[in-house]
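Colleague: Predicted model, plus sequence, below.
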Amino acid sequence: MRFAFVASETNVAQQARRKFVDRYGDMPPEEADVIVALGGDGFMLRTLHAYRALPAPVYGMKLGRVGFLMNKHRLDELEERISRAHAAVLYPLEMRTVDAHGEVHHALAFNEVSLLRQSNQAAHLEVKLNDTVKLQNLVCDGILVSTPAGSTAYNLSAHGPILPLDANVLALTPISPFRPRRWRGAILPHRTLVTLRVLDPGKRPVSATADYHEVRDIREVEIRQSQGQGVRLLFDPEHNLEQRILDEQFAQD
């Protein structure tokens with residue numbers, strides 16, 4: 001089995017990478033059977049973006065502060081662990097946004113696309129699903145669209161729902177909504193086209209972020225799930241992603 005080892009810039013992750021390379025060798029990601037990512041969830045997201053076009057699956061090991069998308073770090077029996085691993089296919093969100101200058105920006109998000117106010121003024125947003133306006137004026141700090149894999153991250157902290165991995169749905173979650181007061185978001189079919197329009201971009205500027213790619217001073221954003229750019233993540237059987245998402249709904253801490 002041919003491995004490509006990639007690691008975050010922390011000393012702990014870099015030291016671990018050297019040990020894995022000494023034990024198992026190292027190949028360029030383009031020639032590897034498996035890409036092994038050493039770090040935290042932030043580094044895993046960057047790895048997925050960097051190598052999403054390659055056929056090799058990604059197997060992560062936690063060497064960072066957050067490791068929801070990672071397996072336990074252990075040097076021994078790597079081939080055996082990967083042979084037993086379960087695969088989860090993650091489909092990213094496609095973001096298309098137009099900024100205040102009329103420029104069009106494209107980005108992908110494996111966790112979420114989020115809109116946030118840039119000033120002390122609350123954002124005023126129109127929310128449209130496919131061709132139908134559902135909210136004419138949402139007054140809020142922001143709003144996000146989350147994948148199932150990302151539903152336990154920013155979406156959860158914004159009081160959004162945790163989504164089962166195989167449910168074929170997305171979460172639409174407002175961030176500190178003011179009007180309408182009782183609206184707390186929606187669960188959408190995964191093929192829904194979400195269009196968010198900024199109603200007063202001059203006075204109430206808004207930014208849009210797809211994972212870690214940010215666009216400032218936007219006017220409109222279109223968000224849909226990609227069906228042709230899925231990536232495979234590998235998980236140890238006792239810690240597969242579907243079970244982790246289920247367990248997160250019963251977490252007490």
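Modeller: Done, it's in.

Colleague: hmm, who's touching the helix or strand Arg18 falls within?
Modeller: Using DSSP states H and E, Arg18 maps to helix 11-24. Contact with helix 11-24 is made by 3, 5-8, 26, 36, 38-39, 43, 61, 63-64, 73, 75, 78-79, as judged by C-beta atoms under 8 Å, 6 or more residues apart in numbering. C-beta: built from backbone N, CA, C; applies to glycine.

Colleague: same thing but at 6 Å, please
Modeller: Residues from elsewhere that reach helix 11-24 (C-beta atoms under 6 Å, 6 or more residues apart in numbering): Phe3, Phe5, Ala7, Leu38, Gly39, Leu63, Leu75.

Colleague: Name the nearest of the residues you listed relative to Leu93.
Modeller: Nearest to Leu93 among the contacts of helix 11-24: Gly39, at 22.4 Å, using C-beta to C-beta.

Colleague: In this structure that closest one contacts Ser8, no?
Modeller: Yes - with contact defined as C-beta atoms under 6 Å, Gly39 counts as touching Ser8 (3.3 Å).

Colleague: Comparing these two, which residue is more hemmed in?
Modeller: Shown here are Gly39 and Ser8; by other C-beta atoms under 10 Å, Gly39 has more neighbours (29 against 21).

Colleague: wait, what's in contact with the more buried one?
Modeller: Ser8, Ala13, Leu63, Gly64 are the contacts of Gly39 under C-beta under 6 Å, 6+ apart.

Colleague: With adjacent residues omitted, what lies nearest to the third one?
Modeller: The shortest distance from Leu63 to any non-neighbouring residue, by C-beta to C-beta, 6 or more residues apart in numbering, is to Ala13 (4.5 Å).

Colleague: Give me the neighbour count for that neighbour.
Modeller: 21.

Colleague: And it, how far from Leu138?
Modeller: Note on Ala13: its distance to Leu138, by C-beta to C-beta, to the nearest Å, is 40 Å.

Colleague: returning to that earlier point: between the contacts of helix 11-24, which is nearest Ala56?
Modeller: Of the contacts of helix 11-24, the one sitting nearest to Ala56 (C-beta to C-beta) turns out to be Phe3, at 9.3 Å.

Colleague: give me every residue that touches that closest one.
Modeller: Listed by C-beta under 6 Å, 6+ apart, the contact set of Phe3 reads Tyr24, Ala32, Val34, Val36.

Colleague: Can you list which of those residues are found in strands?
Modeller: Val34, Val36 (DSSP state E).

Colleague: Check the contacts of Phe3 against Arg224 and report the nearest one.
Modeller: Nearest member of these to Arg224, counting by C-beta to C-beta, is Val34, at 29.8 Å.

Colleague: For that closest one, give its distance to Tyr24.
Modeller: Val34 is 10 Å from Tyr24, by C-beta to C-beta.

Colleague: neighbour count winner among the two?
Modeller: Val34 (21 against 16).

Colleague: Enumerate every residue touching the more buried one.
Modeller: Per C-beta under 6 Å, 6+ apart, neighbours of Val34: Phe3, Ala56, Pro57, Tyr59, Ile82.

Colleague: Quick one, grab the pLDDT at Phe43.
Modeller: Here the pLDDT value assigned to Phe43 is 94.

Colleague: residue ranges with poor pLDDT in the chain?
Modeller: In the predicted model, the chain carries pLDDT under 70 at residues 252-253.

Colleague: Look up how far Lys203 lies from the residue nearest the centre of it.
Modeller: Nearest to the geometric centre of the chain sits Asn111, at 1.4 Å (C-alpha atoms, centre = their mean). In this view, Asn111 and Lys203 are 30 Å apart by C-beta to C-beta.
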